[in-house]
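Asker: quick one, fold the following:
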Amino acid sequence: MQAHPKMRVLLLVKEFTNWRVEARHWSYTAQLGFEEGLRAHGIQVVSITSPWFSCARKICAGRKFDQVWVDAVHAPLDDDMLEWVAGLAPVRVAFLAESLEYTPEERKIQPLFAQRKQLVEQRMRYFTHAGASDERDAENINAKRLASAILWPPAVPLRFIRERKAASLHQAAVFSGALYGNRAAWLDIPKLKGLLVRQPSSEQGTPYPFLFDALQWVVPRYLRRVGVAETAAFGAYLWALRHIRRQCFVRWQRGMQTGVAVVNLPSMVKAYAGRVVEAMAVECPVISWEIPDRPRTKRLFEDGNEILLYQEPDELADHIQHILKEPGFGRRIGANALRKVRQFHTMEKRVGQMLNWVETGAEPVYA
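Answerer: From the prediction side, this is the model:
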């Protein structure tokens, strides 16, 4: 692993205000988990979450950066903030954790999707590089010469990758995630009754959701009172947030281990959800919808060997029944996927790929 001890990176990420409504659906690996990959390469990282963006200039005063990494979809970024970001470093990397194009039906579910592509493309003029979860978006950004873009698949920090120890609690596959769109209808399909269950968030019953909400509640009130971010207070906030996020992420992975497999239901994002690699990282067999017209994404994992893909409910039911009837088959799928994640999909590896691509232009090899 190449070290970059003199490199300084500013990481700007979105943080939500309510755990149950929003934050629990946003993975640590798509946010503060980036820190772990950057620090593994010896990089000095300054992280700022969106509740503190109003104080970003003070927090960064007197600092110099080589790169800025930004959540360019969800973070609240106006032109003034983006102009400031553009002047901080010669390399500015935008991360797109959502698709930019949606069908008319998907836009009805979430009207904000209708403006997302235009919004993000306008923001691209402030960035030099982009990592897109949806390979089609990377292609479009390159075609329009908005920035240099690559596919950025999800990854997991190395310390969260481990062999599965506990046996399944459910003789069924589990789905852990938000039930938007027609996802709830999948759980009611007769052929899937008893085969697919929803796994509640495993941090329920712990103090972490309450602590998260309390932490987010106090920040705006603190800033209204003092007007600026004091270094000690900001540092204490980040320490607490990291602890809460990491503890919830560990429990999230444990929750996925309660089923014989983890199901990735159809999504409005045309990419593998974080849960795919996060489940593989704890040796859970994953059954995912086959994302249409995304060949590079499909090549990340070998169907039938490292992942099981489906298009219709009958195929999903067949995969679950196969694992129930032949537990050894499910264990092989999980073990093969775990090896693939360790080799190609750690956050440490992913960050190194991004750094190398920015420096040399060499496209990463993900499989």
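
Asker: dump the residue contacts of Q247.
Answerer: Applying Cβ atoms under 8 Å, 6 or more residues apart in numbering, we find Q247 in contact with E203, T206, Y208. Heads up, the C-betas are built off the backbone N, CA and C, glycines and all.

Asker: how about a cut-off of 6 Å?
Answerer: With contacts defined as Cβ atoms under 6 Å, 6 or more residues apart in numbering, Q247 is in contact with Y208.

Asker: repeat for the one 10 residues further on
Answerer: Remark: with contacts taken as Cβ under 6 Å, 6+ apart, Q257 is in contact with A166, V282, C284.

Asker: I'd like these laid out as JSON lines, including pLDDT, neighbour count and distance to V85.
Answerer: As requested, the contacts of Q257 are exported to JSON lines (pLDDT from 0 to 100; neighbours: other Cβ atoms under 10 Å; distance: Cβ to Cβ, whole Å):
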{"residue": "A166", "pLDDT": "72", "neighbour count": "9", "distance to V85": "44"}
{"residue": "V282", "pLDDT": "96", "neighbour count": "24", "distance to V85": "36"}
{"residue": "C284", "pLDDT": "96", "neighbour count": "28", "distance to V85": "38"}
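
Asker: for H345, state which of those residues is nearest.
Answerer: For H345, the closest of these turns out to be V282, at 13.0 Å, with distances computed as Cβ to Cβ.

Asker: so the closest one, which state does it fall into?
Answerer: Judged by DSSP: H, G, I helix; E, B strand; the rest coil, the three-state class of V282 is coil.

Asker: wait, isn't it in contact with Q253?
Answerer: Yes - between V282 and Q253 there is a contact at 4.8 Å, judged by Cβ atoms under 6 Å.

Asker: shared neighbours, these two?
Answerer: Among the neighbours of V282, none is also in contact with Q253 (Cβ under 6 Å, 6+ apart).

Asker: ok, back up a step: closest one of the contacts of Q257 to L11?
Answerer: The shortest separation between L11 and any of those is 25.5 Å, and it belongs to V282 (by Cβ to Cβ).

Asker: mind exporting stretch 76-87 as PDB, just the C-alpha atoms?
Answerer: Provided in PDB are the C-alpha atoms of stretch 76-87 (Å, rounded to 0.1, in the frame of the first residue of the first chain):
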ATOM      1  CA  PRO A  76     -25.900  21.200   1.000                       C
ATOM      2  CA  LEU A  77     -23.600  23.100  -1.300                       C
ATOM      3  CA  ASP A  78     -24.400  26.500  -2.600                       C
ATOM      4  CA  ASP A  79     -22.300  28.300  -5.200                       C
ATOM      5  CA  ASP A  80     -20.500  30.300  -2.500                       C
ATOM      6  CA  MET A  81     -19.400  27.100  -0.800                       C
ATOM      7  CA  LEU A  82     -18.400  25.500  -4.000                       C
ATOM      8  CA  GLU A  83     -16.400  28.500  -5.100                       C
ATOM      9  CA  TRP A  84     -14.500  28.300  -1.800                       C
ATOM     10  CA  VAL A  85     -14.000  24.600  -2.300                       C
ATOM     11  CA  ALA A  86     -12.600  25.100  -5.800                       C
ATOM     12  CA  GLY A  87     -10.000  27.400  -4.400                       C
END
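
Asker: list the contacts of that stretch.
Answerer: S50, V68, Y126.

Asker: what does the model give L223 for pLDDT?
Answerer: Listed pLDDT for L223 reads 88.

Asker: and if you look at R39?
Answerer: The pLDDT attached to R39 in the predicted structure is 96.

Asker: restricted to helices, list the contacts of stretch 76-87.
Answerer: By the criterion of DSSP state H, membership of the contacts of stretch 76-87 in helices covers no residue at all.

Asker: which among these gets closest to F249?
Answerer: S50 (19.1 Å).

Asker: now do the contacts for the closest one.
Answerer: K14, E15, A75, P76.

Asker: what separation do you get for the second one and Q31?
Answerer: Pointing back at E15 there. Relative to Q31, E15 is positioned 7 Å away (Cβ to Cβ, to the nearest Å).

Asker: coming back round to it: just the buried ones from the contacts of S50?
Answerer: Neighbour-count burial within these applies to K14, E15, A75; the criterion is 16 or more other Cβ atoms under 10 Å.

Asker: mind splitting the protein into its structural domains?
Answerer: The chain resolves into domains spanning 8-155+346-360, 158-199+258-344 when parsed by automatic domain parsing.

Asker: tabulate those domains (JSON lines), appending distance to Y237.
Answerer: As requested, those are exported to JSON lines (distance: least, Cβ to Cβ, whole Å):
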{"stretch": "domain 8-155+346-360", "distance to Y237": "7"}
{"stretch": "domain 158-199+258-344", "distance to Y237": "23"}
